[in-house]
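K.L.:
Have a look at this fold, sequence not included:
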C-alpha cells in the first residue's frame, strides 16, 4: 500500500471493531484513506475510530447488523463512493460437533461469513467499475484449508471467502 494509491479514497472494513479488521482500518488510514469501520459493537467501533483519528487519520464508525441489507442505506449516506472494501466480518456458532449445531446458528455464521460479504461486494462493485478503480479483499482463515474443530460452519464460510 502506498500513500499515493489511497489518499482521497474511501475504504470500508467489516468486522473492524478489533483484531484484523481494526488493524486493516489503521493501515489503510495510515496510507491516507478515509476509513469506515463497520461492526455490531458501537462502543468498540468508536474506540477504534477515535484511535485512528487521534493518530491523524479520517475514520467513521458505523454500527450495523450485516445479516440484512437495511444497513446499506446508512453506508450510502456516509460513503456514497467506496473504493476499497475489506470483507473481514465473521461469526461463530457454539463450539460443538456439526450434528449438535442448531440450524439458526449455522444460518447466522453463513449469513455473516458468506452472504453479507457477497451482498456488500455486489453493492459497491458497480460504483468501482464506473469509476475505473476498486480493490476488494476477502479475509480468509487457516480454518478454510485445515478446518477448525467444532467450527465447521466458520471453516466453510472462510473457505467460501477464498473463492469469491
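P.N.:
Nice, thanks for sending it over. If you're wondering where the values come from, they're calculated on a predicted model, not measured in any experiment. Residues are numbered from 1 along each chain as shown.
K.L.:
ok but residue 62 is inside a strand, no?
P.N.:
Yes. Assigned with DSSP: H, G, I helix; E, B strand; the rest coil, residue 62 falls within a strand.
K.L.:
Kindly give the local confidence score, pLDDT, for the closest residue to it other than its chain neighbours.
P.N.:
Distance criterion C-beta to C-beta, 6 or more residues apart in numbering; nearest residue to residue 62, sequence neighbours excluded, is residue 38 at 4.9 Å. In this view, the C-beta of every residue, glycine as well, is placed from N, C-alpha and C. We note a pLDDT of 98 for residue 38 in this prediction.
K.L.:
For residue 38, list each beta-bridge partner.
P.N.:
On the basis of DSSP bridges, residue 38 is bridged to residue 14, residue 62.
K.L.:
Would you list the phi and psi of residue 77?
P.N.:
phi -70, psi -30 (degrees, to the nearest 10).
K.L.:
Please report the distance of it from residue 71.
P.N.:
According to C-beta to C-beta, to the nearest Å, residue 77 and residue 71 sit 10 Å apart.
K.L.:
More neighbours: those two, which one.
P.N.:
Higher neighbour count among residue 77 and residue 71: residue 71, with 18 against 9, using other C-beta atoms under 10 Å.
K.L.:
ok, that one touching residue 78?
P.N.:
No. Using C-beta atoms under 8 Å, residue 71 makes no contact with residue 78, being 10.9 Å away.
K.L.:
quick one on the thing from earlier: so the residue nearest to residue 62 is in contact with residue 86, correct?
P.N.:
No. With contact defined as C-beta under 8 Å, residue 38 does not count as touching residue 86 (9.6 Å).
K.L.:
hey, what's in contact with both of those two?
P.N.:
12-14, 16 (C-beta atoms under 8 Å, 6 or more residues apart in numbering).
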